[in-house]
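**Q** how does the following fold in three dimensions:
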Amino acid sequence: MPLNRLRRATLPRDIRVELSRAIVSGDLPAGAALSEPALAAKLGVSRAPIREALIELELRGMVEFDARGRTRVPTLTPADLQEILDVRTAIDPLAAALAARHGTPNLLDRLDANIAATARAATLAEVSQLDTQFHACIVQAAGNRRLLTCWNVLESQVELWLAQMQVHREAMNHDTRDQTVAGHRDLLAAIRSGDPARADAEARRHLASWTGLLPSSPTAAPGGG
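**A** Residues are numbered from 1 along each chain as shown. A predicted model of the protein is given here:
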């Protein structure tokens, strides 16, 4: 986790970003302990910005503190995975419908560029990051501030959810990147149509395809993030 050219004013944010990337990529796996002294020594900084970054990550659901204040990367249980999917099922279709109504050519270009980047992604961590960005872009285009607030609270957990689910899907189907690209192309086509009902329905279909991949589910089905 090299930290290069860190500026004092942005140190906690830069550390948070680096730790988030390490968690999503699996360099810091579920259950891994995060020691403030060890991280400070590894990154060459004091403990204060480490603590500040960890507190922000805890608020975002990316780490958890135990009763003694020790920090770990959370392990998402089947119940956690289902809860996040349930909340996404409430947010994503509304965002897609509003984006279909209010979307601009710039939005469509950004989504196209994201899909192209996903098709070139070399790792599952890249796919997860781009997948999250794709859906964040749709929420931003919806033009609803309160919906955006809900998404901002959930965004880091969605990326962690995608990272775990995509590892599971890759082990089963070996087609994670291709399925993500295909699913996003379908969703973009629905948004581009300008039909809110079609975009809503496609977003629901897009998310429903994950149901069979949840650890508690007996069957598996392909899907996109």
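
**Q** contacts and neighbour counts: CA atoms only from here.
**A** Will do.

**Q** helix or strand: which one has the residue nearest the centre of the chain?
**A** Closest residue to the average C-alpha location of the chain: Glu159 at 1.8 Å, with CA atoms, centre = their mean. Per DSSP states H and E, Glu159 falls inside helix 145-173.

**Q** now for that helix, which elements pack on it?
**A** On a contact count with 3 or more CA pairs under 8 Å, 6 or more residues apart in numbering; DSSP states H and E, helix 145-173 meets helix 11-25, helix 78-102, helix 124-141, helix 176-192.

**Q** can you do 7 Å?
**A** helix 124-141, helix 176-192 (3 or more CA pairs under 7 Å, 6 or more residues apart in numbering; DSSP states H and E).

**Q** select, out of these, the one closest to Arg101.
**A** helix 176-192 (8.1 Å; CA to CA).

**Q** any idea how far the closest one is from the middle of the chain?
**A** 16 Å (CA atoms, centre = their mean, to the nearest Å).

**Q** please apply the same query to stretch 114-128.
**A** Relative to its parent chain, stretch 114-128 has a centroid offset of 13 Å by CA atoms, centre = their mean.

**Q** list the buried ones in that stretch?
**A** By 16 or more other CA atoms under 10 Å, the buried positions in stretch 114-128 come out as Asn114, Ile115, Thr118, Ala119, Ala121, Leu124, Ala125, Glu126, Val127, Ser128.

**Q** so what are the domain limits for the protein?
**A** Split into domains by automatic domain parsing, the chain comes to 8-72, 78-213.

**Q** ends of stretch 67-75, how far apart?
**A** Taking CA to CA, to the nearest Å, stretch 67-75 runs 17 Å from one end to the other.

**Q** can you check stretch 98-114 too?
**A** With CA to CA, one end of stretch 98-114 sits 19 Å from the other.

**Q** state the mean pLDDT of that stretch.
**A** If you average the pLDDT over stretch 98-114, you get 93.

**Q** quick check: buried residues in that stretch?
**A** For stretch 98-114, a neighbour-count test (16+ other CA under 10 Å) marks Leu98, Ala99, Ala100, Arg101, Gly103, Leu107, Leu108, Leu111, Asp112, Asn114 as buried.

**Q** from those, pick the one nearest Leu39.
**A** Closest approach to Leu39 among these (CA to CA): Asn114, at 32.4 Å.

**Q** touching, that closest one and Thr132? I think so.
**A** No. The criterion here is CA atoms under 7 Å, and Asn114 misses it with Thr132 at 10.2 Å.

**Q** ok, back up a step: could you find the closest non-adjacent residue to the residue nearest to the centre of the chain?
**A** Thr132 (5.7 Å; CA to CA, 6 or more residues apart in numbering).

**Q** got the buried residues for stretch 23-34?
**A** In stretch 23-34, counting by 16+ other CA under 10 Å, buried: Ile23, Val24, Ser25, Gly26, Leu28, Ala30, Ala32, Ala33, Leu34.
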